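1. My questions are about this predicted structure, shown below with the sequence.
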Amino acid sequence: RKEVEQDPGPFNVPEGATVAFNCTYSNSASQSFFWYRQDCRKEPKLLMSVYSSGNEDGRFTAQLNRASQYISLLIRDSKLSDSATYLCVVREDTGRRALTFGSGTRLQVQP
Amino acid sequence: DAGVTQSPTHLIKTRGQQVTLRCSPISGHKSVSWYQQVLGQGPQFIFQYYEKEERGRGNFPDRFSARQFPNYSSELNVNALLLGDSALYLCASSLSPPRDRDIYGYTFGSGTRLTVV
């Protein structure tokens, strides 16, 4: 079983749609959580950190459920420029503090 | 300000050869990590260095080695290349030393795309 699991997609949605991505993680020692965005053949870029209380950044909302070891990302009013792969990332806050990535969920927003 | 810089951007090597990849972190960042990303997968952790010391290692064979220099730049070496080593190699820098509940992620360079033929 992978440490971080995501639906690979692709999610094909029209402009203006709301889309939700889910992610589960298996290591209960994970303490920090992130969503990264990766455009085709580019490096991952931090989209947002994820907090237990939930957090919002413009059209993006992230939620964390520690009890269920579940992370979500909601994108409202999708834009063409949102087309990318979204990577769910967890990190232990002790020891080596390496990032553990999911395989990513691909989003294609269509006109 | 310059971000994380990696060189070369692309590289083609033959099986059995050795390769050295280079990374310069963001100015002021003392921690450098290396990740391997094969097509269709998320990046996988290889090494983390802080203050020239190895602080973590992922599940990679001994053919993979790295080091960090006094100016915090880093090199990743891979010996006896295999076809399966073909991937995007990413370097990430961060402000660490690791602190409790550091909420910041890492900043990645644009990577070195290695093709082994």
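-> Received it, and whenever you're ready, just let me know what you need.
2. Now name the helix or strand holding the closest residue to A:S32 other than its chain neighbours.
-> Sequence neighbours aside, A:R91 is the residue nearest to A:S32 in space, at 4.4 Å (criterion: C-beta to C-beta, 6 or more residues apart in numbering or on different chains). Quick note: C-beta positions are derived from backbone N, CA and C, even for glycine. A:R91 belongs to strand A:84-92 when assigned by DSSP states H and E.
3. which helices and strands sit right next to that strand?
-> With contacts defined as 3 or more C-beta pairs under 8 Å, 6 or more residues apart in numbering or on different chains; DSSP states H and E, strand A:84-92 has these neighbours: strand A:4-6, strand A:19-25, strand A:30-38, strand A:70-75, strand A:99-101, strand A:105-110.
4. Determine whether any part of the fourth one lies close to chain B.
-> No: for strand A:70-75, no contact with chain B is found by C-beta under 8 Å from any C-beta of the partner chain; the gap never falls below 13.8 Å.
5. Which residue, neighbours along the chain excluded, lies closest to the closest residue to chain B within chain A?
-> Nearest residue of chain A to chain B: A:R96, at 2.5 Å (C-beta to the nearest C-beta). Distances taken as C-beta to C-beta, 6+ apart place B:G56 nearest to A:R96, at 2.5 Å, with adjacent residues excluded.
6. Just read off the phi/psi values of the one you found.
-> Main-chain dihedrals, B:G56, degrees, to the nearest 10: phi -170, psi 150.
7. In contact with it, which residues?
-> Listed by C-beta atoms under 8 Å, 6 or more residues apart in numbering or on different chains, the contact partners of B:G56 are A:G95, A:R96, A:R97, A:A98, B:S33, B:F45, B:F47, B:Q48.
8. for these, which one is nearest B:L90?
-> B:S33 (8.6 Å; C-beta to C-beta).
9. before we move on, back to that, verify the stated contact: the residue nearest to A:S32 with A:N27.
-> No: using C-beta atoms under 8 Å, A:R91 is not in contact with A:N27, being 9.7 Å away.
10. out of those two, which sits in the busier spot?
-> A:R91 (21 against 13; other C-beta atoms under 10 Å in any protein chain shown).
11. ok, what's across the strand from that one?
-> Taking DSSP bridges, one obtains A:S32, A:L99 as the residues bridged to A:R91.
12. Test for you: state the pLDDT assigned to it.
-> Looking at A:R91, its pLDDT is 88.
13. Likewise for A:S53?
-> 87.
14. neighbours around it, how many?
-> Neighbour tally, A:S53, other C-beta under 10 Å: 7.
15. check which helix or strand covers it.
-> Counting by DSSP H and E, A:S53 is part of no helix or strand.
16. cool, the one 10 residues further on as well?
-> In the assignment (DSSP H and E), A:Q63 maps to strand A:60-65.
17. Need the mean per-residue confidence for that strand.
-> For strand A:60-65, mean pLDDT rounds to 95.
18. Show me the contact partners of it.
-> A:33, A:35, A:47-52, A:54-56, A:70-76.
19. ok, 10 Å please
-> The contact list for strand A:60-65 (C-beta atoms under 10 Å, 6 or more residues apart in numbering or on different chains) reads A:18, A:20-25, A:33-35, A:37, A:47-56, A:70-76, A:82, A:86, A:88, A:90.
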